[in-house]
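> All I have is the shape, not the residue letters:
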């Protein structure tokens, strides 16, 4: 079966960035910035993104492009005979499924809110009404099942059309609209009376916060954000590397994608914080920021229904771009491993993902008594933990070791692949840093993530 390729470089960049740009960029990044010293956190984040995130991204792309396979089969093409690196392929596929088993539900929430803003059903609600609307949605398994299933059917349908006609074409259009929407929303927020106070809170260094938390905790938070923002470790980027040609080197492409991902994350904060400060609303963390705090802000704005509709359309596109990218990874893994057609792999995974997503839906209502990580947690919390604290960092460490160890693919072969084509090159002088320093950093992230939960 001949390997599909991207129709354009823009398609590759927007699709890869779309995979990295997700819900976490929208509510997690701004909140983490605001609670970790503002501008000083952003500075550390950018440094660590270049130092840690981008090198591992180049490695995922390199393994994908050299093998022309998804993560489930890529290692067999490159690993020495008799080695066991390919076992990571199963961990990667498992991570993709678990991610989609809860991400589809949260994406369904975005669509639900977009539809309700579009039809004016949030108009005139006071704070208690907005709070009640979110709680009512979570309490209705049939409602959540409908929107989750709509997301899955939509994502699988796009992937079933093929790489160029479906995945690349749809994602490219969505991402271009997303970028326009986010800039329009940011300009609007910055022009609100009192919005500049929110901008200061967001981007100016806050010595009091740094003194309270300690510089080490701020740095650790920046390291974690720089690493997780690119969705590394489960083959989400490896699959796009497998569709790439040899005309461009991979360091330059990785910097472009990381830059686009960071741009969206930072501009999301330019939307959220000025709006919250303009209306005297304290920005909250987690889902509450998007589904409770911001609807209250929009309801207080002139033309709030329009701005709310645009914001949740932007969020829907951001989450759906990740859905399509991860579905493509899953479908391609099935095609590579079991030599089945794209259509057959799509139909099988339509049912697998809908069924697998049901526990997350029920975890907020009928199965809310299940609290796997302690009081106040739910099934989504467990699934998020398995992906964020285990599959992503452990997977990234395995990719890193595979590309730098003599018993793996070796550093020389990685260096040769990453530097093929025109563009920025990875220097051989980075061998010691990538081989010894970066693995220690990743190991520290894994240990810190486990300590934070348990």
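Cool, the structure landed. Please read all numbers here as calculations on a predicted model, not as lab measurements.

> tell me the contacts of residue 59?
By Cβ atoms under 8 Å, 6 or more residues apart in numbering, the contact list for residue 59 reads 399, 400, 402, 403, 414, 418. From N, CA and C alone the C-beta is placed, and that goes for glycine too.

> Report the buried residues of the helix or strand it falls within.
Remark: residue 59 resides in helix 54-67, with elements defined by DSSP states H and E. The neighbour-count check on helix 54-67 (16 or more other Cβ atoms under 10 Å) flags 54-67 as buried.

> export the residues you listed to CSV and tack on pLDDT?
Below are these laid out as CSV (pLDDT from 0 to 100):
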residue, pLDDT
54, 97
55, 97
56, 96
57, 97
58, 98
59, 98
60, 97
61, 98
62, 98
63, 98
64, 97
65, 97
66, 98
67, 97
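
> Closest one to residue 166 out of the residues you listed, please.
Nearest to residue 166 among the buried residues of helix 54-67: residue 64, at 19.3 Å, using Cβ to Cβ.

> Tell me where the stretch 201-350 of the chain has helices.
207-213, 215-228, 238-241, 250-278, 287-288, 294-300, 304-338, 342-362 (DSSP state H, counting those that start in this stretch).

> So which elements touch the second one?
Meaning helix 215-228. Contact partners of helix 215-228 among helices and strands, from 3 or more Cβ pairs under 8 Å, 6 or more residues apart in numbering; DSSP states H and E: helix 29-34, helix 39-48, helix 392-404, helix 438-453.

> Now the shortest one: average pLDDT?
I take that to be helix 29-34. Helix 29-34 comes out with an average pLDDT of 83.

> before we move on, what about the third one?
Looking at helix 392-404 alone, the average pLDDT works out to 96.

> pLDDT value on residue 1, please?
59.

> I should have written residue 448 there, sorry.
We note a pLDDT of 85 for residue 448 in this prediction.

> That one reaches residue 221, doesn't it?
No. If you go by Cβ atoms under 8 Å, residue 448 and residue 221 don't touch, sitting 10.1 Å apart.

> more neighbours, those two?
Between residue 448 and residue 221, counting by other Cβ atoms under 10 Å, residue 221 is the more crowded of the two (19 against 14).

> Tell me how many other residues crowd the closest residue to the more buried one other than its chain neighbours.
Nearest in space to residue 221, with sequence neighbours left out and distances taken as Cβ to Cβ, 6 or more residues apart in numbering, is residue 36 at 4.8 Å. Residue 36 has 23 neighbours, counted by other Cβ under 10 Å.

> tell me the contacts of residue 96?
Taking Cβ under 8 Å, 6+ apart, one finds 234, 235, 236, 326, 329, 330, 333 in contact with residue 96.

> Tell me, how many residues neighbour the third one?
Think residue 236. Neighbour count of residue 236, defined by other Cβ under 10 Å: 27.

> That one and residue 18 touch, don't they?
No. Counting by Cβ under 8 Å, residue 18 is not a contact partner of residue 236; they are 10.5 Å apart.

> Mutual contacts of the two, please.
Shared contacts of residue 236 and residue 18 (Cβ under 8 Å, 6+ apart): residue 325.

> I figured residue 273 hits residue 201, correct?
Yes. Counting by Cβ under 8 Å, residue 273 does reach residue 201; the two are 5.9 Å apart.

> circling back: now the helices of the stretch 201-350 of the chain in CSV, please, with extra columns for distance to residue 130.
Below are those laid out as CSV (distance: least, Cβ to Cβ, whole Å):
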stretch, distance to residue 130
helix 207-213, 28
helix 215-228, 28
helix 238-241, 38
helix 250-278, 14
helix 287-288, 11
helix 294-300, 5
helix 304-338, 11
helix 342-362, 22
